[in-house]
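1. here's a sequence, model it:
(2 chains)
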Amino acid sequence: MTLQAYVILSAAVFAIGLLGVLTRRNAIGILLGIELMLNAVNINFVAFARFNGDPAGMVFALFTIAITVAEVAVGLAIVIVIFRIRRTIDADRLDLLKG
Amino acid sequence: MTRLALVALTLPFLAFLLLALVPPLRRRGRAAGLVSIAAVGGALAAALALWRVPVGAPAVGVWEWIPADAGPLVTVGLYVDPISQAMLVLVTLVALLVQVYSLAYLDEERAPALGRYYAYQSLFAFSMLGLVLAPNFVQLFVFWELVGLCSYLLIGFWYDRPAAARAAVKAFWTTRLGDVGLIIGIVLLWRATGTFDFATLFELAGGGRLPAGLALTMFLIYLGAAGKSAQFPLHVWLPDAMEGPTPVSALIHAATMVTAGVFLVTRAFQLFAAAPAVLALIAWVGAFTALLAATMACVENDIKRVLAYSTVSQLGYMMAAAGAGAPDAGFLHLLTHGVFKALLFLAAGAVVHAVGTNDIRQMGRLFRALPQTGIVFLVGTLALAGVWPLSGFFSKEAVLAGVWAAHLRVPFLMLALTAFLTAVYMFRVVLVAFFGRVEAGGHPHDAPPPMAVPLWVLAVLTLAIGARLALRGGETAHPPGWLTSLSVGLAAAGILLALLMYQVRVVSPAAVSRALAPLDFAARRRYGIDALYGALYRGLLLGFSWLIGWIDRYLVDGVLNVLSALTLRAGDRLRRIQSGQAQDYVYGVAFGLLALLIVSRLWR
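-> Coordinates of the predicted model:
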């Protein structure tokens, strides 16, 4: 496996994640899209660390995983609160900031 | 010597400070009056003591005020010479009598108002004394404005009367118009000579070392004097100033402040002498003012306004004398006039106080009801009409002699005619008010002692000054022999005409006014001068305000409205891209980043 393959995989996962974030109407789906994007980054970190022989990238990946967990916890908590208040988690209807 | 002058100057100021800074005292009214009277009494004592000191050269005491590299630029101080000595006595004397008189005259005022009155009176006495003692033009100007302020405050003493408030503003505006000229003149004079000091300026003038081309400067300074001394065409404020309490009219608008202009011309006569054209103008304007005001006095029915026009007329006399190169005669007339005109005003105040109206047509037979007031009023009238041997006769003759000696034939004729008219209008008042056939309303009675005593003091002084001048003889002026007969003849003719018209009733006043119909018409309307100024003032002010309003409403507001409308519209457009949906923003971020990446690639 070449580095290029990892990078392409990473880019593909990132694009899929971004597509999910942009197009999903369900807030949970958007959160999943964000997860995918973050994990694409992790793939990048690990791949470059492996091919460059520098373990710092792996450490960063661990950090990212930890932060991702926190982010999902906070994100889901927000979604639950929104659901309790608005009885919906449809992103199209959450437009209180409309100018 | 300057110490005595300083005492006279500071006492009224201390009284003013006391009344201004200690409200409980001021609100006591009568007590405040006594403080003020005590202060001005002390000032009078100092002035009298100072008067007894013979002065050779003017004594000057100065302190630095505005420092500059080469010696102080402006000083404050005291300038004591025979002119200021005499003025000090006149001012403090009349001020004292007027303040005593006011205690009774303003008896019915509320106590705080009376305290306010006395605070103003003290401030006025201080300002007038400071003006008289000023050793340079800057100090003179400062006190000049202060007396103007006091005049404004006292004319508007009954500020809840619209007429009084208007008159106060009118007086302030009109005199301010002249004062603009005065301050420009002072600065121009400073630029030409480099000094404000009278002593230095007189030294220059004495040595003939004044720079040439001072005509405009002196004209501007004269403008200030013309405003203060109510010379045509700035005379309109003085008759209206009669809206103030009568004692104020006596003190400020007859005896002291209005003579400040004459005082200025007398004080700076050596400087004016360097501009003969301005002097001639002063003489002509003075004589014209005297005649104009005398004709208006003839048709006026308000007793105080008759006296006001008479004051304008006599100020014209003084100015004419000064302009004719006889400032001493003018100054003598200033002093004698100050005494007997204060007497006339205070007596008129006693009449008004007793009858409750200013209109002489509603008075009559007052001589029987108010014998004391009648006698002193008659003394004042005779003095004003110029009957020998009262004080007015001598000073008026000196003025006429001075104008004759200057070969000013037309002004001389105007002044002679004025002398005749003066006798007519003054005796008209006396005959109608004191001997007329109309029964005055109410129960008029003579004034209480605080009012009567000042009247008698002034009447006796009028007689005494006359006697003194009669005994001294013509030691200064040498008038042509016929002048005395002319002067007495004019007075007698005027009195005779008034008798024929208003007492014997051989000549009908209505017939006289018909015969002089155009003049009568014009004089009753004050020659349209007030109306003209009113129209100008209103026209200019309203026109200017309209213009300013238009600019503000359409130019300034227009620009602002366009700007705000643009902002609003732009904001409305921009508002629409804020959909409130988080995903739209993420679109923005994603495509923005993409765009940045592409651009950074292409840029390289």
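2. identify, by residue count, the longest helix of the chain.
-> By default, I'm working from chain A. With residue count as the measure and DSSP state H as the assignment, chain A has helix A:56-86 as its longest helix.
3. should've been chain B
-> Longest helix of chain B, by residue count under DSSP H: helix B:162-193.
4. list the buried ones in that helix?
-> Along helix B:162-193, the positions that meet the burial threshold by neighbour count (16 or more other C-beta atoms under 10 Å in any protein chain shown) are B:164, B:167-168, B:170-172, B:174-175, B:177-179, B:181-190, B:193. (C-beta placed from N, C-alpha, C; glycine too.)
5. helix or strand next in line after it, which one?
-> If you walk from helix B:162-193 toward the C-terminus, the next helix or strand you reach (DSSP states H and E) is helix B:198-206.
6. for that following helix, give the mean pLDDT please.
-> Averaging pLDDT along helix B:198-206 yields 85.
7. for the longest helix of chain A, packing partners?
-> The criterion is 3 or more C-beta pairs under 8 Å, 6 or more residues apart in numbering or on different chains; DSSP states H and E, and the helices and strands that helix A:56-86 contacts are helix A:27-52.
8. contacts only, for the most centrally placed residue in chain B.
-> The centroid of chain B falls nearest to B:Val258 when counting by C-alpha atoms, centre = their mean (3.4 Å). Applying C-beta atoms under 8 Å, 6 or more residues apart in numbering or on different chains, we find B:Val258 in contact with B:Lys228, B:Ser229, B:Ala230, B:Leu238, B:Ile252, B:Thr311, B:Leu315.
9. same thing but at 10 Å, please
-> Counting by C-beta atoms under 10 Å, 6 or more residues apart in numbering or on different chains, B:Val258 touches B:147, B:151, B:175, B:228-230, B:237-238, B:241, B:252, B:308, B:311-312, B:314-315, B:318, B:334, B:338, B:341.
10. cool, and B:Val453?
-> With C-beta under 10 Å, 6+ apart as the criterion, the residues that contact B:Val453 are B:Leu97, B:Val100, B:Tyr101, B:Ala104, B:Ala447.
11. I'd like to know how far the third one sits from B:Ile465.
-> What it means is B:Tyr101. The span separating B:Tyr101 from B:Ile465 equals 20 Å under the rule C-beta to C-beta, to the nearest Å.
12. next one: B:Ala297
-> In terms of C-beta to C-beta, B:Ala297 sits 23 Å off from B:Ile465.
13. okay, the two: which has more neighbours?
-> Here B:Ala297 and B:Ile465 are set side by side on neighbour count (other C-beta atoms under 10 Å in any protein chain shown), and the busier one is B:Ala297, at 27 against 21.
14. which helix or strand contains that one?
-> Taking DSSP H and E as the definition, B:Ala297 sits inside helix B:276-298.
15. enumerate the positions of that helix that are buried.
-> Within helix B:276-298, the residues scored as buried using 16+ other C-beta under 10 Å are B:278-298.
16. that helix: what's the following helix or strand?
-> Using DSSP H and E, the helix or strand that follows helix B:276-298 in sequence is helix B:303-323.
17. next, the angle helix B:276-298 makes with that next one.
-> Interaxial angle, helix B:303-323 versus helix B:276-298 (axes from the mean of the first three to the mean of the last three C-alpha atoms, to 10 degrees): 160 degrees.
18. can you name the next helix or strand after helix B:303-323?
-> helix B:327-355.
19. what's the next secondary structure element after that next one?
-> Next in line after helix B:327-355, if elements are assigned by DSSP H and E, sits helix B:366-369.
20. what's that following helix packed up against?
-> Helix B:366-369 makes packing contacts with helix B:327-355, helix B:371-385, helix B:435 when contacts are defined by 3 or more C-beta pairs under 10 Å, 6 or more residues apart in numbering or on different chains; DSSP states H and E.
21. so who does residue 54 touch?
-> In the absence of a named chain, this looks at chain A. Taking C-beta under 10 Å, 6+ apart as the criterion, A:Asp54 is in contact with A:Phe48.
22. you answered for a different chain; I wanted chain B.
-> When contacts are counted by C-beta under 10 Å, 6+ apart, B:Pro54 touches B:Pro82, B:Gln85.
23. secondary structure class of it, three-state.
-> Taken by DSSP: H, G, I helix; E, B strand; the rest coil, the conformation at B:Pro54 corresponds to coil.
24. pull the number of nearby residues for the residue nearest to B:Trp388 when sequence neighbours are not counted.
-> In this structure, B:Trp388 finds its nearest non-sequential neighbour in B:Val488, 6.0 Å apart by C-beta to C-beta, 6 or more residues apart in numbering or on different chains. Around B:Val488 sit 16 other residues, with neighbours defined as other C-beta under 10 Å.
25. then B:Ala459?
-> Under the neighbour criterion other C-beta under 10 Å, B:Ala459 is assigned a count of 24.
26. quick one: it and B:Ala347 touch, right?
-> Yes: between B:Ala459 and B:Ala347 there is a contact under C-beta atoms under 10 Å: 8.5 Å.
27. common neighbours of these two, please.
-> Counting by C-beta under 10 Å, 6+ apart, the common neighbours of B:Ala459 and B:Ala347 are B:Gln372, B:Ile375, B:Val376, B:Phe377, B:Leu378, B:Val379, B:Gly380.
28. roughly how far does the closest residue to the fifth one other than its chain neighbours sit from B:Leu307?
-> Computed as C-beta to C-beta, 6+ apart, the closest residue to B:Leu378 that is not its neighbour in sequence is B:Val430, at 6.3 Å. Distance of B:Val430 to B:Leu307, computed by C-beta to C-beta: 12 Å.
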